[in-house]
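K.L.:
Sequence and predicted structure are below.
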Amino acid sequence: MSVAEPRRIVLFRHAKADWPQVTDHERPLADRGRMDAAEAGRRLTDTGIAFDLALCSTAVRTRETWKLAVQEFPQRPKTVYEERIYEASPGELIALLNETPDDAQNVLMIGHNPGIQGLADVLAGSGEDDARERMTRRGFPAAAFAVLSFDGTWKSLEPGVATLRDYWAPAE
């Protein structure tokens, strides 16, 4: 695989969570979140991206989101459950992505706000069509995702080097 081929990162916020009397890390998905997670999985499949690696927060709501979304994929990518994604800042998420092996071309990260939205904003030096306008207008609601691409190695990923290619969020 050549580093001349653009790499893609999809930043995926967990679906809508419920608020039972548990710790934040243990919050499960709400009914709507389960529906939106499956719909997001279908929309991710529609992008045509064959993911090599999924990095998923260890929180219950992100694991449940991933379990429902990946059922829609034609092929399940290697999945790593990474506790450092939970409550991570954009800089911490970039540092985590910098550790990605270069044989991974397309990576999906399932995480939380404000980190996921902040990372999309920080990485995207430019945007295609109306993707940036839609992301700015909608924010990054539960189950939303942004598709970014960049040239180079994972170690070279830094603020402003990516292009926002697509953005999707469930209907309110």
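P.N.:
Thanks, I have it. Just so we're clear, the structure is a prediction, and the values are computed from it rather than from any experiment.
K.L.:
Could you point out the helix or strand that follows the lowest-mean-pLDDT helix or strand in the chain?
P.N.:
Lowest by mean pLDDT, DSSP states H and E among the helices and strands of the chain is strand 124-127, with a mean of 85. Next along the chain after strand 124-127, taking DSSP states H and E as the criterion, comes helix 131-138.
K.L.:
Can you list the strands that whichever helix or strand comes after that next one pairs with?
P.N.:
Counting by DSSP H and E, the next helix or strand C-terminal to helix 131-138 is strand 145-150. With DSSP bridges as the test, strand 145-150 is paired with strand 7-13 (antiparallel), strand 162-168 (antiparallel).
K.L.:
and strand 145-150, average pLDDT?
P.N.:
For strand 145-150, the mean pLDDT works out to 97.
K.L.:
List of residues touching it?
P.N.:
With contact meaning CB atoms under 8 Å, 6 or more residues apart in numbering, strand 145-150 is reached by 6-13, 40, 43-44, 47, 49, 120, 123-124, 131, 135, 140, 157, 161-169. (Glycine included, C-beta is placed from N, CA and C.)
K.L.:
what about 6 Å?
P.N.:
Strand 145-150 is contacted from outside by 6-12, 120, 123, 161-168, using CB atoms under 6 Å, 6 or more residues apart in numbering.
K.L.:
and the angle for that strand with helix 131-138?
P.N.:
150 degrees (axes from the mean of the first three to the mean of the last three CA atoms, to 10 degrees).
K.L.:
Just the CA trace of strand 145-150, in PDB.
P.N.:
What follows is strand 145-150 as a C-alpha-only set of coordinates in PDB (Å, rounded to 0.1, in the frame of the first residue of the first chain):
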ATOM      1  CA  PHE A 145     -20.300  11.100  11.600                       C
ATOM      2  CA  ALA A 146     -17.700  13.000   9.500                       C
ATOM      3  CA  VAL A 147     -15.500  11.600   6.700                       C
ATOM      4  CA  LEU A 148     -12.100  13.100   6.400                       C
ATOM      5  CA  SER A 149      -9.100  12.300   4.100                       C
ATOM      6  CA  PHE A 150      -5.500  13.200   4.200                       C
END
